[in-house]
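**Student:** got a predicted structure plus its sequence, pasted below:
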Amino acid sequence: IDILVGNIPATAYETFVQISKELPNVRFVPSIETQFSNKSKENVTLFCKKFDLAIPKTKIFYNTEKGYKYLKEKASYPQIIKRSYGPSNYGGYFVHKANNFQEAKKLLDEKKYNPIYTQNAIDLKDSGDIRVMLIGHKPICAFWRYSGKNQWITNTSQGGSMSYENVPMNALELAVKASKAAKAEYWACDIAICAKTGKAYILECATAFAAFPYIRDWICQYLMWDFSKGKFQKPTIPMYSWVELGKINSSLLRTMRHISFSRYKPSCDGTWYIQEKNDKFDMQLAQESSPNDVPASIAPEELPIKESLLSNQNQHSDFNATKINFNEASLTELMSLYAMDEELAVELKTYLENNIVTDCSDLLELESIDEQMLKSWDSNIADMRIDINCANEETLKKINGIGSKIAKIIMEYKKRHGNFHTLEELTNIDGIGKRKLAQIKSRLKIGE
């Protein structure tokens, strides 16, 4: 098995975490890291806080008494109370609005939600929120969802309505930032716009979302582009194309397949303005947050948790944000890097077919990459040095400074003498002196 494709059920997330550890060479799509938010509302909150993504003020309590105390003494109303566990809000049927403490307590006494997951209600602009769908970190569909008459919840399954018009740019930018942080092949966000300030807040985000068949086709086309390292054609989906598609009757949209758009080729004048190097477009400014500061596994003694729950050491999932190794990265992961576009990502994958990158400076051979770009990626890149004891001849000869002849000599030496204990032992090989060792030493390692 090289690739496993599919959303993991929320109840099976921890099981698949263990499965992925037993299958280190299998690529999960979406990755276990990307699907972290699918497990629970609590994980959505951890994800957003860790990557500095705007969310409503949220409190989570495993101790019911402390939760009630907060709701009675400190909470501002109305509060939005949700069932935490599950990949979505199930059509809004497990999302509740409490206008005062009495309503909140009555609700929780009846529902017995554990943990208590409660958020400050956002005064929604136009009584609606926004669903944004993305493929490859680019918005491909976005629409307003408005609450029905005498309703506050916006889900269409409960009488809400939709509109594809006038989706604000800050909602799209926030969704792009979340998608890049999650390194998601495909992604969806529910976003609220504050009526008073116009600020965008993430309400939900996940890889599991309902979509028309043509959107599922686009996802499959994108995955084939990613898996083939750019050899298959990537779908071209212009910004705001959803506005025109939204004018088609929804019953017809549910049957449409194979919708495609031609790629825009600017005229001479258009090229001058669109390709202007100094231009800064808002969508290009969305970049992945630092993955170094990942959510720590919170031990039970640090939680406001009842003694009966102390035996359960797995209340929270670890969020192990991975750094990028160019030699192993997918096109989706490459495109989460700042200023990386599809053409450069494909060019990089083509370069890596005949080269092993052990240091980012190797990429300066590519005309499209400069030192400033490498500097912006620095905190997101993994240690790419090659373990000389694990490498085969094919890998060694692709490393800058080694080549076919020296790679063959190194493999013959290993066959006769066994594994290296120090890199300095390389000088025992004819053809590798101190100068050559100094040239290649920084590209190799022994063990982890």
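**Tutor:** On my side now, so go ahead. Residues are numbered from 1 along each chain as shown.
**Student:** now the residue positioned nearest the centre of the chain, nearest residue through space, not along the chain?
**Tutor:** For the chain, the residue nearest the mean C-alpha position is residue 182 (1.5 Å; Cα atoms, centre = their mean). Nearest residue to residue 182, sequence neighbours excluded (Cβ to Cβ, 6 or more residues apart in numbering): residue 34, at 4.8 Å. Glycine gets a C-beta too; all of them are placed from N, C-alpha and C.
**Student:** show me the contacts for the one you found.
**Tutor:** 182, 183, 184, 185, 187, 207 (Cβ atoms under 8 Å, 6 or more residues apart in numbering).
**Student:** where in this structure is pLDDT low?
**Tutor:** For the chain, applying pLDDT under 70 flags the ranges 86-93, 148-160, 264-320.
**Student:** show me how it divides into domains.
**Tutor:** Taking automatic domain parsing as the domain assignment, the ranges for the chain are 3-206, 213-253, 386-445.
**Student:** quick one: residue 421 and residue 392, what's the gap?
**Tutor:** 20 Å (Cβ to Cβ, to the nearest Å).
**Student:** swap in residue 355?
**Tutor:** In terms of Cβ to Cβ, residue 355 sits 16 Å off from residue 392.
**Student:** out of those two, which sits in the busier spot?
**Tutor:** Shown here are residue 355 and residue 392; by other Cβ atoms under 10 Å, residue 355 has more neighbours (16 against 9).
**Student:** so that one makes contact with residue 362?
**Tutor:** Yes: Residue 355 is within contact range of residue 362, at 7.1 Å (criterion: Cβ atoms under 8 Å).
**Student:** who touches both of those two?
**Tutor:** residue 400.
**Student:** which strand or helix spans the residue nearest to residue 28 when sequence neighbours are not counted?
**Tutor:** Spatial nearest neighbour of residue 28, excluding adjacent residues (Cβ to Cβ, 6+ apart): residue 4 at 5.3 Å. For residue 4, the host element (DSSP states H and E) is strand 3-5.
**Student:** may I see the buried residues of the helix or strand just after that strand?
**Tutor:** Per DSSP H and E, the first helix or strand lying C-terminal to strand 3-5 is helix 13-22. Within helix 13-22, the residues that count as buried by 16 or more other Cβ atoms under 10 Å are 13, 16, 17, 20.
**Student:** with stretch 184-198 instead?
**Tutor:** 184, 185, 186, 187, 188, 189, 190, 191, 192, 193.
**Student:** longest strand anywhere in this structure?
**Tutor:** Ordering each strand of the chain by length in residues (DSSP state E) puts strand 124-135 first.
**Student:** could you say what helices and strands that one packs with?
**Tutor:** strand 138-146, helix 169-182, strand 186-194, helix 213-227 (3 or more Cβ pairs under 8 Å, 6 or more residues apart in numbering; DSSP states H and E).
**Student:** list of residues touching the longest one?
**Tutor:** Counting contacts by Cβ under 8 Å, 6+ apart, the residues outside helix 213-227 that touch it are 3, 5, 29, 133, 135-136, 140-141, 185-186, 211, 232-235, 237, 253-259, 330-332.
**Student:** for it, buried residues please.
**Tutor:** 214, 215, 217, 218, 219, 221, 222, 223, 225, 226, 227.
**Student:** what separation do you get for the third one and residue 228?
**Tutor:** Distance of residue 217 to residue 228, given as Cβ to Cβ: 16 Å.
**Student:** out of the helices and strands packed on strand 124-135, which is closest to residue 109?
**Tutor:** strand 186-194 (27.7 Å; Cβ to Cβ).
**Student:** partner strands of the helix or strand following the closest one, parallel or antiparallel?
**Tutor:** Using DSSP H and E, the next helix or strand after strand 186-194 towards the C-terminus is strand 200-206. Next to strand 200-206 in the sheet, as set by DSSP bridges, lie strand 186-194 (antiparallel).
**Student:** residue contacts, residue 20?
**Tutor:** 26, 28, 32.
**Student:** from the residues you listed, pick the one nearest residue 59.
**Tutor:** residue 32 (27.2 Å).
**Student:** so the closest one sits against residue 14, correct?
**Tutor:** No: with contact defined as Cβ under 8 Å, residue 32 does not reach residue 14; the gap is 10.1 Å.
**Student:** distance of the residue nearest to the centre of the chain relative to residue 141?
**Tutor:** With Cβ to Cβ as the criterion, residue 182 and residue 141 are 18 Å apart.
**Student:** same question, residue 416
**Tutor:** On the measure of Cβ to Cβ, residue 416 and residue 141 end up 61 Å apart.
**Student:** same check on residue 22?
**Tutor:** Residue 22 is 36 Å from residue 141, by Cβ to Cβ.
**Student:** do the same with residue 56
**Tutor:** Applying Cβ to Cβ to residue 56 and residue 141 gives a distance of 24 Å.
**Student:** more crowded one of the two?
**Tutor:** The neighbour comparison of residue 56 against residue 141 (other Cβ under 10 Å) goes to residue 141, with 24 against 18.
**Student:** that one touches residue 209, doesn't it?
**Tutor:** No: counting by Cβ under 8 Å, residue 141 stays clear of residue 209, with 9.9 Å between them.
**Student:** list residues touching both of the two?
**Tutor:** With Cβ under 8 Å, 6+ apart as the test, residue 141 and residue 209 both reach 131, 133.
**Student:** all good on my end, thank you.
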